[in-house]
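[1] return a 3D structure for these sequence lines:
(chains A and B)
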Amino acid sequence: KAGVTQTPRYLIKTRGQQVTLSCSPISGHRSVSWYQQTPGQGLQFLFEYFSETQRNKGNFPGRFSGRQFSNSRSEMNVSTLELGDSALYLCASSETRTSGSWSYNEQFFGPGTRLTVL
Amino acid sequence: AQTVTQSQPEMSVQEAETVTLSCTYDTSESDYYLFWYKQPPSRQMILVIRQEAYKQQNATENRFSVNFQKAAKSFSLKISDSQLGDAAMYFCAYRPIKETSGSRLTFGEGTQLTVNP
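    Alright, predicted model coming up:
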């Protein structure tokens, strides 16, 4: 199977603009999670979508939003960009595997989108 | 809230030697998963090893093994016979098992591992 793909890989924007990032999960995966990675804050969870519904949300301002389509592809949008939004944005898709009485979501990460805000 | 702490920002090891990366975590949950992820310069996050909290036996994957101490909330990664390709940033991560938590991972700060030839 093809891995998780993210587009674009690199993006340069200016303050005040908005941006949309895309993530295509592994075929059959219904869960897509987004993370922001910065040198100062490390890896922080943004949100997770499962079957087109937001299942979980991190502690980010409302400028950060996302959605998931019926084919499980997901987009995240950042409006009114700030310099601090410069980061690597990682997407991860997962499926549920069952081992005995336990279910487990193995997550697979995409290569990320490097966003630079000038 | 759950937290994950990696107290070693950088570590180095000689090729073929063994190195141990430390991780501690804090949670009030009794059932959870712990992970070690590797992020090489390509930035692609790769799962190295996984540990289920309900398992007393430490997980192993080839040259990688963990020392899971649930009472101490400690989860260290041992890399044996280190190879140049092991050089990367290593992240410890936590995820509760309960369904309402979904797939959300909480990551530590990371440890940059250098492998010297």
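
[2] tell me what the most centrally placed residue in chain B is bridged to.
    In chain B, the centroid-proximal residue (Cα atoms, centre = their mean) is B:W36; its distance is 2.8 Å. Taking DSSP bridges as the rule, B:W36 bridges to B:I49, B:C92.

[3] what does the pLDDT read for it?
    For B:W36, the pLDDT comes out at 97.

[4] where in chain B is pLDDT low?
    B:99-101 (pLDDT under 70).

[5] what do you get if the cut-off is 80, keeping everything else the same?
    Where chain B drops to pLDDT under 80, the residues are B:1, B:98-102.

[6] what's around residue 48, how many residues?
    Using chain A. Residues lying near A:E48 (other Cβ atoms under 10 Å in any protein chain shown) number 27. Glycine gets a C-beta too; all of them are placed from N, C-alpha and C.

[7] that's the other chain; I wanted chain B
    By other Cβ under 10 Å, neighbour count at B:V48 equals 19.

[8] and it, how far from chain A?
    Distance of B:V48 to chain A, computed by Cβ to the nearest Cβ, to the nearest Å: 12 Å.

[9] now do the residue nearest to the centre of chain B against A:S33, distance only.
    As judged by Cβ to Cβ, to the nearest Å, B:W36 and A:S33 stand 18 Å apart.

[10] what of A:S72?
    A:S72 sits 12 Å away from A:S33, taking Cβ to Cβ as the criterion.

[11] tell me the contacts of B:D31?
    Neighbour list for B:D31: B:53-54, B:96-98 [criterion: Cβ atoms under 8 Å, 6 or more residues apart in numbering or on different chains].

[12] OK, contacts around residue 6?
    In the absence of a named chain, chain A is used. Listed by Cβ under 8 Å, 6+ apart, the contact partners of A:Q6 are A:21-24, A:89-91, A:110-113.

[13] switch to chain B, please.
    Shown in contact with B:Q6 (Cβ under 8 Å, 6+ apart): B:21-23, B:90-92, B:108-111.

[14] using a markdown table, lay out those residues together with distance to B:T5 and neighbour count.
    Converted to a markdown table, the contacts of B:Q6 look like this (distance: Cβ to Cβ, whole Å; neighbours: other Cβ atoms under 10 Å in any protein chain shown):
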| residue | distance to B:T5 | neighbour count |
| --- | --- | --- |
| B:L21 | 12 | 23 |
| B:S22 | 9 | 17 |
| B:C23 | 7 | 28 |
| B:Y90 | 14 | 23 |
| B:F91 | 12 | 25 |
| B:C92 | 8 | 26 |
| B:G108 | 6 | 25 |
| B:E109 | 7 | 17 |
| B:G110 | 11 | 21 |
| B:T111 | 11 | 22 |
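
[15] any chance of the residues you listed in a markdown table, plus distance to A:L46?
    A markdown table is the format used below for the contacts of B:Q6 (distance: Cβ to Cβ, whole Å):
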| residue | distance to A:L46 |
| --- | --- |
| B:L21 | 26 |
| B:S22 | 27 |
| B:C23 | 23 |
| B:Y90 | 22 |
| B:F91 | 16 |
| B:C92 | 20 |
| B:G108 | 18 |
| B:E109 | 18 |
| B:G110 | 18 |
| B:T111 | 23 |
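
[16] follow-up on the earlier one: which PyMOL command selects the buried ones in the contacts of A:Q6?
    Those of the contacts of A:Q6 that count as buried under 16 or more other Cβ atoms under 10 Å in any protein chain shown are selected in PyMOL with:
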select buried, chain A and resi 21+23+24+89+90+91+110+111+112+113
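
[17] just the ones of the contacts of A:Q6 in strands?
    Using DSSP state E, A:21-24, A:89-91, A:113 are the members of the contacts of A:Q6 that sit in strands.

[18] and chain B, which residues reach chain A?
    B:33, B:37, B:42-47, B:50, B:52, B:54, B:91, B:95, B:97, B:101-110 (Cβ under 8 Å from any Cβ of the partner chain).
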